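Novice: When you get a sec, could you give me coordinates for this:
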Amino acid sequence: MKRLLTVCITAILLAACSVGTKWDNPMPEDGFLVIAHRGASAYEPENTLPSFELAEELDADYIELDVHLTKDGELVVMHDDEVDRTTESIGKIKDHTLAELKELTADEDKDEKVAVSGRNEEAYEIPTLVEVIEEMKGDIRFVIELKDTEQYFGIEEKLVDVMSEYGLIGTDSKGYPKAVVHSFDEEALKKVHKIDPSIPLLQLISFDDGEEAELSKKKLKDLLSYASGIGVSYEALTPPFVNTMHGEGLAVYAYTVNDAEAALRLKAMGVNGIHTNEPDLLDE
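Specialist: As a prediction, the model looks like this:
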């Protein structure tokens, strides 16, 4: 009886020690992903088709984009919930129909950004998520951010429906997820997880300036119930934190990195990838 008890205890201890050592995660363990933040947004107006196309040309592993719902229930791609910053108009996306938004141009003239492609104005119209998916068919993958979800009832269901209809759920020939959803909104991610647990989710987390990344045991346990990884402001990342997250089986991505030295430092730290406005940041 004592021997049986000893064997059981030993087995339990070994099992406990092995927790977190296996990479049971849909996100790739090896490699260093370059995620084009709003496309190649250092060179083209953000969240436009030319920006995404350039990101693909620059060999980004993923393009990152933001989605909102129009007044008539269409998923459109724009960072802000208002059109003021990146178009010639004003107002909330949710108060515009798709047809009204299509009359605008996301050219960012007010920020004095020059589009390098020389495309005509029509190329810089506000795209729908479906238009981006259809235009970017190929090897490119997507990181889709849910934003301001409290304004958009049912946006999670709408997004999953589109992902399912256009074949973005699952992996590609390299074993990478075709699409990933991330957000600062924990509840939105949990809703997506409830709708389809197979969709990889990344929880975005911000820390104060000068603060090092750290998560409580309670927060970590909660994350493990729905997330495949986290996105963290790169200044807050430390090697012990990255190692701890990897030990728990969570991938770690850094945002937004536009400095080559910082990118190399993060790569050496073991970070799984970076969000960057310059997908060619590490090109020699």
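Novice: Confirm that residue 142 sits in a strand.
Specialist: Yes. With DSSP: H, G, I helix; E, B strand; the rest coil as the criterion, residue 142 is assigned to a strand.
Novice: Renumber starting at 51 from here on
Specialist: With 51 as the first residue, the last one maps to residue 192.
Novice: Name the nearest residue to it, sequence neighbours excluded.
Specialist: Spatially, and ignoring its direct neighbours in sequence, residue 192 is nearest to residue 229 (4.3 Å; Cβ to Cβ, 6 or more residues apart in numbering). Yep, even glycine has a C-beta here, placed from its N, CA and C like the rest.
Novice: Isn't that neighbour up against residue 190?
Specialist: No. With contact defined as Cβ atoms under 8 Å, residue 229 and residue 190 do not form a contacting pair (10.3 Å).
Novice: so what's the residue nearest to residue 192 up against?
Specialist: 191-194, 213, 218-219, 249 (Cβ atoms under 8 Å, 6 or more residues apart in numbering).
Novice: next one: phi and psi at it?
Specialist: Backbone torsions of residue 229, given as degrees, to the nearest 10, read phi -150, psi 150.
Novice: for residue 151, same thing?
Specialist: Backbone torsions for residue 151, taken as degrees, to the nearest 10, come to phi -70, psi -30.
Novice: Can you give me the neighbour number for it?
Specialist: By the criterion of other Cβ atoms under 10 Å, residue 151 has 24 neighbours.
Novice: that older thread, so how far is residue 84 from the residue nearest to residue 192?
Specialist: In this structure, residue 229 and residue 84 are separated by 16 Å, where distance is defined by Cβ to Cβ, to the nearest Å.
Novice: again with residue 198
Specialist: Counting by Cβ to Cβ - residue 198 and residue 84 are separated by 27 Å.
Novice: Compare those two (neighbour count), which wins?
Specialist: The neighbour count for residue 198 versus residue 84, taken as other Cβ under 10 Å, is higher for residue 84 (24 against 20).
Novice: Can you pull the poorly scored residue ranges out of this structure?
Specialist: 51-71, 157-172, 334 (pLDDT under 70).
Novice: Give me the most central residue, it.
Specialist: Nearest residue to the geometric centre of the chain (Cα atoms, centre = their mean): residue 193, 3.8 Å.
Novice: quick one: contacts for that one?
Specialist: Contacts for residue 193 (Cβ under 8 Å, 6+ apart) come out as 85, 112-115, 229-232, 252, 325.
Novice: Tabulate those residues (JSON lines), appending secondary structure and distance to residue 125.
Specialist: Compiled in JSON lines, the contacts of residue 193 are given as follows (DSSP: H, G, I helix; E, B strand; the rest coil; distance: Cβ to Cβ, whole Å):
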{"residue": "85", "secondary structure": "strand", "distance to residue 125": "20"}
{"residue": "112", "secondary structure": "strand", "distance to residue 125": "18"}
{"residue": "113", "secondary structure": "strand", "distance to residue 125": "15"}
{"residue": "114", "secondary structure": "strand", "distance to residue 125": "15"}
{"residue": "115", "secondary structure": "strand", "distance to residue 125": "10"}
{"residue": "229", "secondary structure": "strand", "distance to residue 125": "13"}
{"residue": "230", "secondary structure": "strand", "distance to residue 125": "16"}
{"residue": "231", "secondary structure": "strand", "distance to residue 125": "12"}
{"residue": "232", "secondary structure": "strand", "distance to residue 125": "16"}
{"residue": "252", "secondary structure": "strand", "distance to residue 125": "19"}
{"residue": "325", "secondary structure": "strand", "distance to residue 125": "21"}
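Novice: now, which of the residues you listed sits nearest residue 300?
Specialist: Nearest to residue 300 among those: residue 252, at 9.2 Å, using Cβ to Cβ.
Novice: Now that closest one. Nearest residue, chain neighbours left out?
Specialist: Here the residue nearest residue 252, using Cβ to Cβ, 6+ apart, is residue 232, at 3.8 Å.
Novice: That neighbour pairs with what?
Specialist: When bridges are taken as DSSP bridges, the partners of residue 232 come out as residue 195, residue 252.
Novice: Kindly provide the distance from it to residue 305.
Specialist: From residue 232 to residue 305 the distance is 9 Å (Cβ to Cβ).
Novice: intersection of neighbour lists for these two?
Specialist: Common neighbours of residue 232 and residue 305, using Cβ under 8 Å, 6+ apart, are 254, 281.
Novice: Show me which of the two is the more surrounded one.
Specialist: Taking neighbours as other Cβ under 10 Å, residue 232 and residue 305 compare with residue 232 leading, 26 against 19.
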